[in-house]
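S.K.: based on what follows, work out the 3D shape:
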Amino acid sequence: MKKFIILVVVILAFFTIDHPLIKEPREKLLGEGIGFLSDASKVNRSPAANMAKNRISSQLKLSESEGEYVEKTFTTDDSVQLFHLRYCRERDLNLYFYDDRLNTVCKIVTDALEQKRAK
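M.R.: Numbering: from 1, shown residues only. Down below sits the predicted model:
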(Lines give C-alpha, C1' and ligand atoms only; values in the text may rest on other atoms or scores of the structure.)
Protein backbone atom coordinates (compact mmCIF):
# COMPACT_ATOMS: atom_id res chain seq x y z
CA MET A 1 0.00 0.00 0.00
CA LYS A 2 2.92 2.34 0.77
CA LYS A 3 4.39 1.76 -2.67
CA PHE A 4 1.09 2.70 -4.30
CA ILE A 5 0.82 5.93 -2.32
CA ILE A 6 4.42 6.82 -3.19
CA LEU A 7 3.69 6.13 -6.85
CA VAL A 8 0.60 8.38 -6.76
CA VAL A 9 2.61 11.17 -5.11
CA VAL A 10 5.37 10.87 -7.73
CA ILE A 11 2.85 10.97 -10.58
CA LEU A 12 1.09 13.99 -9.08
CA ALA A 13 4.44 15.73 -8.64
CA PHE A 14 5.32 14.93 -12.26
CA PHE A 15 2.14 16.64 -13.48
CA THR A 16 2.22 19.65 -11.15
CA ILE A 17 5.86 20.76 -10.92
CA ASP A 18 6.79 23.45 -13.45
CA HIS A 19 10.56 23.18 -13.16
CA PRO A 20 12.20 23.17 -16.64
CA LEU A 21 13.86 19.79 -16.03
CA ILE A 22 10.44 18.21 -15.46
CA LYS A 23 8.21 20.41 -17.59
CA GLU A 24 9.95 19.87 -20.96
CA PRO A 25 10.02 16.04 -20.88
CA ARG A 26 6.45 16.00 -19.55
CA GLU A 27 5.18 18.17 -22.41
CA LYS A 28 7.10 16.06 -24.94
CA LEU A 29 5.65 12.86 -23.49
CA LEU A 30 2.11 14.25 -23.43
CA GLY A 31 2.49 15.58 -26.98
CA GLU A 32 3.58 12.17 -28.25
CA GLY A 33 0.70 10.51 -26.39
CA ILE A 34 -1.86 12.90 -27.81
CA GLY A 35 -0.39 12.49 -31.30
CA PHE A 36 -0.63 8.71 -31.01
CA LEU A 37 -4.24 8.88 -29.81
CA SER A 38 -5.18 11.28 -32.60
CA ASP A 39 -3.67 8.97 -35.23
CA ALA A 40 -5.47 5.99 -33.72
CA SER A 41 -8.83 7.73 -33.79
CA LYS A 42 -8.79 8.66 -37.49
CA VAL A 43 -11.67 7.18 -39.42
CA ASN A 44 -10.92 4.20 -41.63
CA ARG A 45 -13.28 4.67 -44.52
CA SER A 46 -15.11 1.80 -46.13
CA PRO A 47 -14.31 1.11 -49.80
CA ALA A 48 -17.51 2.57 -51.29
CA ALA A 49 -17.36 5.60 -49.00
CA ASN A 50 -13.72 6.24 -49.85
CA MET A 51 -14.37 5.86 -53.57
CA ALA A 52 -17.39 8.18 -53.48
CA LYS A 53 -15.57 10.81 -51.43
CA ASN A 54 -12.53 10.80 -53.72
CA ARG A 55 -14.60 11.00 -56.90
CA ILE A 56 -16.79 13.79 -55.57
CA SER A 57 -13.71 15.76 -54.52
CA SER A 58 -12.06 15.30 -57.91
CA GLN A 59 -15.10 15.90 -60.15
CA LEU A 60 -16.64 18.85 -58.31
CA LYS A 61 -15.02 22.01 -57.06
CA LEU A 62 -16.12 21.95 -53.42
CA SER A 63 -16.38 24.88 -51.09
CA GLU A 64 -14.95 24.51 -47.59
CA SER A 65 -18.36 23.72 -46.07
CA GLU A 66 -19.15 21.21 -48.84
CA GLY A 67 -15.79 19.53 -48.29
CA GLU A 68 -16.46 19.23 -44.56
CA TYR A 69 -19.93 17.85 -45.31
CA VAL A 70 -18.49 15.21 -47.66
CA GLU A 71 -15.85 14.25 -45.05
CA LYS A 72 -18.51 13.80 -42.36
CA THR A 73 -21.16 12.16 -44.53
CA PHE A 74 -19.16 9.59 -46.49
CA THR A 75 -17.45 7.70 -43.66
CA THR A 76 -18.99 4.22 -43.97
CA ASP A 77 -20.78 2.23 -46.63
CA ASP A 78 -23.96 2.48 -44.57
CA SER A 79 -23.77 6.27 -44.57
CA VAL A 80 -23.31 6.20 -48.37
CA GLN A 81 -26.39 4.01 -48.73
CA LEU A 82 -28.36 6.32 -46.44
CA PHE A 83 -27.29 9.35 -48.50
CA HIS A 84 -28.33 7.53 -51.68
CA LEU A 85 -31.70 6.62 -50.24
CA ARG A 86 -32.51 10.08 -48.87
CA TYR A 87 -31.17 12.39 -51.55
CA CYS A 88 -31.02 10.30 -54.73
CA ARG A 89 -34.07 8.06 -54.50
CA GLU A 90 -36.44 10.02 -52.26
CA ARG A 91 -35.14 13.40 -53.52
CA ASP A 92 -35.02 15.05 -50.09
CA LEU A 93 -33.65 18.57 -49.92
CA ASN A 94 -29.89 18.64 -49.41
CA LEU A 95 -28.49 21.91 -48.08
CA TYR A 96 -25.10 21.45 -49.73
CA PHE A 97 -25.84 19.92 -53.13
CA TYR A 98 -28.79 20.61 -55.41
CA ASP A 99 -29.78 20.49 -59.09
CA ASP A 100 -26.92 19.39 -61.36
CA ARG A 101 -24.42 19.08 -58.52
CA LEU A 102 -26.76 16.73 -56.63
CA ASN A 103 -27.30 14.69 -59.81
CA THR A 104 -23.52 14.40 -60.23
CA VAL A 105 -23.07 13.34 -56.59
CA CYS A 106 -25.91 10.83 -56.92
CA LYS A 107 -24.34 9.33 -60.05
CA ILE A 108 -21.00 8.99 -58.25
CA VAL A 109 -22.64 7.44 -55.17
CA THR A 110 -24.66 5.02 -57.33
CA ASP A 111 -21.51 3.93 -59.19
CA ALA A 112 -19.64 3.41 -55.91
CA LEU A 113 -22.46 1.30 -54.46
CA GLU A 114 -22.68 -0.78 -57.66
CA GLN A 115 -18.96 -1.45 -57.59
CA LYS A 116 -19.23 -2.46 -53.94
CA ARG A 117 -22.01 -4.92 -54.77
CA ALA A 118 -20.03 -6.33 -57.71
CA LYS A 119 -17.12 -7.29 -55.46
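S.K.: which residues sit in contact with Cys106?
M.R.: 84, 87-88 (C-beta atoms under 8 Å, 6 or more residues apart in numbering). From N, CA and C alone the C-beta is placed, and that goes for glycine too.
S.K.: in which helix or strand does it reside?
M.R.: helix 99-118 (DSSP states H and E).
S.K.: number of nearby residues for the residue nearest to Asn94 when sequence neighbours are not counted?
M.R.: Among residues not flanking Asn94 along the chain, Tyr87 sits closest, at 4.9 Å (C-beta to C-beta, 6 or more residues apart in numbering). Applying other C-beta atoms under 10 Å, we find 20 residues neighbouring Tyr87.
S.K.: and Tyr87, which of the three is it?
M.R.: helix (DSSP: H, G, I helix; E, B strand; the rest coil).
S.K.: quick one: it and Leu102 touch, right?
M.R.: Yes: with contact defined as C-beta atoms under 8 Å, Tyr87 reaches Leu102; the gap is 6.5 Å.
S.K.: tell me, what's touching the two both at once?
M.R.: Asn94.
S.K.: check contacts around Phe74.
M.R.: 45, 49-50, 52-53, 56, 80, 83.
S.K.: tell me how many other residues crowd Glu32.
M.R.: 10.
S.K.: and it, how far is that from Val10?
M.R.: Separation of Glu32 from Val10 (C-beta to C-beta, to the nearest Å) stands at 20 Å.
S.K.: and what of Leu30?
M.R.: Applying C-beta to C-beta to Leu30 and Val10 gives a distance of 16 Å.
S.K.: centre of the chain to stretch 100-119, how far?
M.R.: Its chain's C-alpha centre and that of stretch 100-119 lie 21 Å apart, by C-alpha atoms, centre = their mean, to the nearest Å.
S.K.: before we move on, what about stretch 97-113?
M.R.: Counting by C-alpha atoms, centre = their mean, stretch 97-113 comes out at 21 Å from the chain centroid.
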